[in-house]
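J.: Provided below for reference: sequence and predicted model.
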Amino acid sequence: MRSDPKVRECLAGVCRGRIVPLLSAMGQAISEQNDLSLALETLLGYMKSDMAVERAMINLHDREAGRIFIHKSMGLTEDEQARGVYFPGEGITGQVVESARPMVVPRISDEPSFLNRTGSLTRAADLDRSFVCVPILRGKKVLGSISAVRAYENPKLLEKHVDALVVVSYMLAQAVELYLVESADQERARRRHMAVPGGVRPPYAPPGVIGSSKPMLEVYSLLRKVARTRTTVLLLGESGVGKERLADAIHFGGQCASGPLIRFNCAALPESILESELFGHEKGSFTGATQSRKGRFEEADGGTIFLDEVGELSLAVQAKLLRVLQERSFERVGGNRTITVDIRIVAATNKDLAAMVAAGTFRQDLYFRLNVFPIMVPPLRDRGSDIITLAEHFTARYAGENGKPISRITTPALNMLMTYHWPGNVRELENVIHRAVILTEDDAIHGYNLPMSLQSPVFSGTDIQSGLEAKLAAIEYEMLVEALRLHRGNTTEAARELGLTRRTMGLRMKKYRLDYRDFRRAEPPAASRRLS
């Protein structure tokens, strides 16, 4: 009897007789008891017992924060579930939310986009599993996703499981949407409750943007005022300061939040195809145009288009962009039909557009159209303690991704981060921390885990050269500082901890211009920051 293929399929949880009770139980939980949690627990139980799924995740999309998080899971620990946070387009889960289409990874180890952000797949056998992710859709709005991990040898079985999860996602959509709306209302009520007497509310910080320095608070204030309008915004600032993240905040905090957010880098493509990418083309308009194609402006209809590095556009493309800004209309390449779109435009550049206008490389009329509401994003070197906040955030993120128990950044490393000038801004800081996490062999990021370009300020004025001597000096310096902070400047105790005589300790301190008095008010063992 068990040799019958139909019986084997039923035992694998794909026959109609087994999925009907699931749909009935979920429908009852949602419609009669208004209990989304019970419906999701029922689904996860079914996926485990009837579909032989090893790990399953119900992800929800917080559109206001622009992030995707695990709401319910099966086969994951609490810590693993907490680490499962994505942004649209990031990893397989983010791609499913962004594209609104199911995705199947037959073998996880063969897919470079699979991030394993939860850190739950640690064994070699785990990487031979398949990963399935389907969106939870309400109309064109993606509310979240359902994903599963298990081994599949039968492609037909895999296909049936995907179909089953798609059916379930349709049933969940309305209940998930109501849950997200109620959660957003509760969060707004919480913020109102937190307002201090006198009507002054806590500083506005957009979801997904990190930092509370004074320059960033001023940026947040401008964002809060402009987000709810339809005004064109021009984000100015050096490369790597986070202009794209702020563009996301403007979109998700504005009237177009339910519409698409289309990102386009104006410097990423040659001029020959740039116009086609932005405005689309008609079939036969040029060699290779075998069919009509929408451009980015059409794709952004009803939402926001973010034009990064807008200063790189040629004068010819600038002329067409000016018309879109003025009339919200254009023609495709090779076409004569006027297309009208309802979009918000957010542009960004690290160039001095006013100087380009004076030089004749940027249209003055376009500059005035873009410069309606300019926001200058401060460089990282001007953001003070935000450097540490961001460093801790990236440390926790990459430690989780790499499965490392890193819980702190040592004091010398913090000093190096704070004294560096950061020409590459937040992007450079993220890369530095990512590298340090990989190099770290214990529970802390040390100064010697950082690039030599950051270590040099610590030894300014000393005779330390580059190469091996500098590396050894960085380790020695860090050990001295940690011991002095631990014992609050008591050189006798610090020397004892390091196994040195007082005289040798004094000579080493003199070498690095360390003064015991600087450590008298330092905190004990918490000399280095621990990650919350």
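T.: Cool, got the structure. Predicted model, so just to flag it, every value in this text is computed and none were measured.
J.: work out for me the element the residue nearest to G334 when sequence neighbours are not counted sits within.
T.: Using CB to CB, 6 or more residues apart in numbering and skipping the chain neighbours, the partner closest in space to G334 is S285 (2.3 Å). Yep, even glycine has a C-beta here, placed from its N, CA and C like the rest. Per DSSP states H and E, S285 falls between elements, in no helix or strand.
J.: ok, S285 to D50 distance?
T.: The spacing between S285 and D50, counted by CB to CB, to the nearest Å, is 52 Å.
J.: check N34 too.
T.: Taking CB to CB, one finds N34 at 25 Å from D50.
J.: list phi and psi for the spatially most central residue of the chain.
T.: Among the residues of the chain, the one closest to the centroid is F87, at 4.9 Å (CA atoms, centre = their mean). Note on F87: backbone dihedrals following degrees, to the nearest 10 are phi -120, psi 150.
J.: so what's it up against?
T.: G66, R67, I68, G94, G208 (CB atoms under 8 Å, 6 or more residues apart in numbering).
J.: which stretches of the stretch 1-150 of the chain form helices?
T.: 5-11, 16-31, 36-49, 78-83, 91-99 (DSSP state H, counting those that start in this stretch).
J.: mind listing what's buried along the second one?
T.: Within helix 16-31, the residues that qualify as buried are R18, I19, L22, L23, A25, M26, A29, I30, counting by 16 or more other CB atoms under 10 Å.
J.: dump those to a markdown table, plus distance to E493.
T.: Listed next are the buried residues of helix 16-31 as a markdown table, based on distance: CB to CB, whole Å:
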| residue | distance to E493 |
| --- | --- |
| R18 | 69 |
| I19 | 69 |
| L22 | 65 |
| L23 | 69 |
| A25 | 65 |
| M26 | 64 |
| A29 | 63 |
| I30 | 64 |
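J.: pLDDT below threshold where in the stretch 251-400 of the chain?
T.: Along the stretch 251-400 of the chain, segments meeting pLDDT under 70 span 284.
J.: meant to ask about the chain
T.: 1-18, 65, 184-205, 284, 455-468, 470-471, 518-532.
J.: out of N34 and D50, which sits in the busier spot?
T.: D50 (19 against 12; other CB atoms under 10 Å).
J.: who's in contact with N116?
T.: By CB under 8 Å, 6+ apart, the neighbours of N116 are I108, E401.
J.: run through the residues that contact Q318.
T.: By CB under 8 Å, 6+ apart, the neighbours of Q318 are F362, R363, L366.
J.: quick one: what helix or strand has it in it?
T.: Q318 is located in helix 315-327, with elements delineated by DSSP H and E.
J.: how close does the nearest residue to I438 once chain neighbours are set aside get to I68?
T.: Spatial nearest neighbour of I438, excluding adjacent residues (CB to CB, 6+ apart): N402 at 6.7 Å. Distance of N402 to I68, computed by CB to CB: 21 Å.
J.: who's more crowded, these two?
T.: Using other CB under 10 Å as the criterion, N402 and I68 rank with I68 on top: 26 against 14.
J.: residue contacts, the more buried one?
T.: Counting by CB under 8 Å, 6+ apart, I68 has contacts 59-62, 85-88, 93-94, 97, 144-145.
J.: quick check, L165 in contact with S145.
T.: No. With contact defined as CB atoms under 8 Å, L165 does not reach S145; the gap is 9.5 Å.
J.: give the residues shared as contacts by the two.
T.: Contact with both L165 and S145 is made by residues V134, according to CB under 8 Å, 6+ apart.
J.: done for today, thanks.
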